[in-house]
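Asker: coordinates for the following, if possible.
(one chain, ligands or ions: 1)
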Amino acid sequence: MSPENTNEDAALELPSESAGDAGPENQVGATAAQLARQILANHRISLGSRHPSGVQDNATPDREIAATARGEQAARSSYGAAPGGTVALDRRMLQAILKLAETYSFHITELAGGSHSAGSRHYAGIALDVGRINGSRVSAGNPHWRAFIQKGRSLGATQTLGPGDPGHSTHIHLAWPRATTPSGDAALPESASEAVDMEEAVCCEAEDGDPDAPGSAEEQLESVLAVLEGERARLSIVGRSLLPEEQARMDAVTAAAFHVREALTALSGPDRLS
Ligand SMILES: [Zn+2]
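Answerer: Numbers count the residues shown, from 1 in each chain. Model (predicted):
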């Protein structure tokens, strides 16, 4: 991280009474780094360590919170619609994560990383996705998701999506208004009834719930098959005859894909792949 990426308020160690204008929801005076350290220490908050896409980078929630705890900005991803670079995670969101953990245990699948809609609030460090609440994956049948969203709204989230909203059947999306000051101290909404602002198309990467929970054998084989097919596609678009080593790799990948398909068919029947 270069010095200009340092979170500007990270070095401040304000005593709580110095932040007299903070509201009761405001973890009075805490800096982003302090809040991030509290999140790391809170066992009710689980942080994703890889993206649902399978891409590995340093913009996963565990690394973003760790960077914030060190007084650095959080990395963003550089694939798909993601813009790359870094961003400060918003204090309002970090405070809300800690407040939510007073009521729920939950798993965060994305913060500023991953690939979402162009212009998504994720890239501004003001949105989070949750794939599991109190040990249960988010779905229409999860008994906690509605109250979780309500609590998020009472903590200032103005863009809230979950089961029933397109693309959000398996995760909750909470986003805060874009900050009006660089330090993220924009006022909380006057009331929880503030209209959800839906000016943006919202699609999040975390379509598969909790990416860290092991899936069924079939699900894992399907992911392997997707990787192999991706590799076959990559090799086949080079636009020329394959070099001998490329052809050997193509043959190996093709054979592996064949066997994975066979395994999938054996486990779940031929309809699985139709
Ligand atoms: Zn989201």
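
Asker: next structured bit after the lowest-mean-pLDDT helix or strand in the chain?
Answerer: Using mean pLDDT, DSSP states H and E, the weakest-scoring helix or strand in the chain turns out to be helix 217-236, at a mean of 68. Toward the C-terminal end, the helix or strand that comes next after helix 217-236 (DSSP states H and E) is helix 244-268.

Asker: show the average pLDDT along that following helix.
Answerer: Mean pLDDT, computed over helix 244-268, is 82.

Asker: buried stuff in that helix?
Answerer: For helix 244-268, the buried set under the neighbour-count rule, 16 or more other Cβ atoms under 10 Å, comprises 250, 253, 256-257, 260-261, 264. No exception for glycine: its C-beta is placed from N, CA and C like everyone else's.

Asker: how about stretch 161-176?
Answerer: Buried residues in stretch 161-176, counting neighbours by 16+ other Cβ under 10 Å, are found at 161-163, 167-168, 170-176.

Asker: where's Ala118, which helix or strand?
Answerer: Per DSSP H and E, there is no helix or strand for Ala118.

Asker: number of nearby residues for it?
Answerer: 13 (other Cβ atoms under 10 Å).

Asker: please renumber so the chain begins at 12
Answerer: With the count now opening at 12, the last piece we talked about shows up as Ala129.

Asker: can you tell me which residues contact it?
Answerer: Taking Cβ atoms under 8 Å, 6 or more residues apart in numbering, we find Ala129 in contact with Ala92.

Asker: and it, what pLDDT?
Answerer: At Ala129, the model reports a pLDDT of 89.

Asker: can you give me the distance of it to Ala168?
Answerer: Using Cβ to Cβ, to the nearest Å, Ala129 is found at 21 Å from Ala168.

Asker: flag every residue of this protein that's near the ion.
Answerer: For the chain, the residues in contact with the ion (Cβ under 5 Å from the ion) are 140, 184, 215.

Asker: okay if I get those as a markdown table plus distance to Ile50?
Answerer: Below are the residues of the chain next to the ion laid out as a markdown table (distance: Cβ to Cβ, whole Å):
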| residue | distance to Ile50 |
| --- | --- |
| Asp140 | 15 |
| His184 | 18 |
| Cys215 | 20 |
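
Asker: and the longest strand belonging to the chain, what does it pack onto?
Answerer: Using DSSP state E, we find that the single longest strand of the chain is strand 138-144. Counting contacts by 3 or more Cβ pairs under 8 Å, 6 or more residues apart in numbering; DSSP states H and E, strand 138-144 packs against helix 102-111, strand 117-121, helix 156-165, strand 183-186.

Asker: for those, could you give me TSV that also reports mean pLDDT?
Answerer: Below are those laid out as TSV (pLDDT from 0 to 100):
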stretch	mean pLDDT
helix 102-111	98
strand 117-121	97
helix 156-165	98
strand 183-186	97
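
Asker: can you redo these as a markdown table with distance to Ser57?
Answerer: What follows is the helices and strands packed on strand 138-144, written out as a markdown table (distance: least, Cβ to Cβ, whole Å):
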| stretch | distance to Ser57 |
| --- | --- |
| helix 102-111 | 11 |
| strand 117-121 | 4 |
| helix 156-165 | 14 |
| strand 183-186 | 14 |
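
Asker: for Leu51, what are phi and psi?
Answerer: Backbone torsions of Leu51, given as degrees, to the nearest 10, read phi -60, psi -30.
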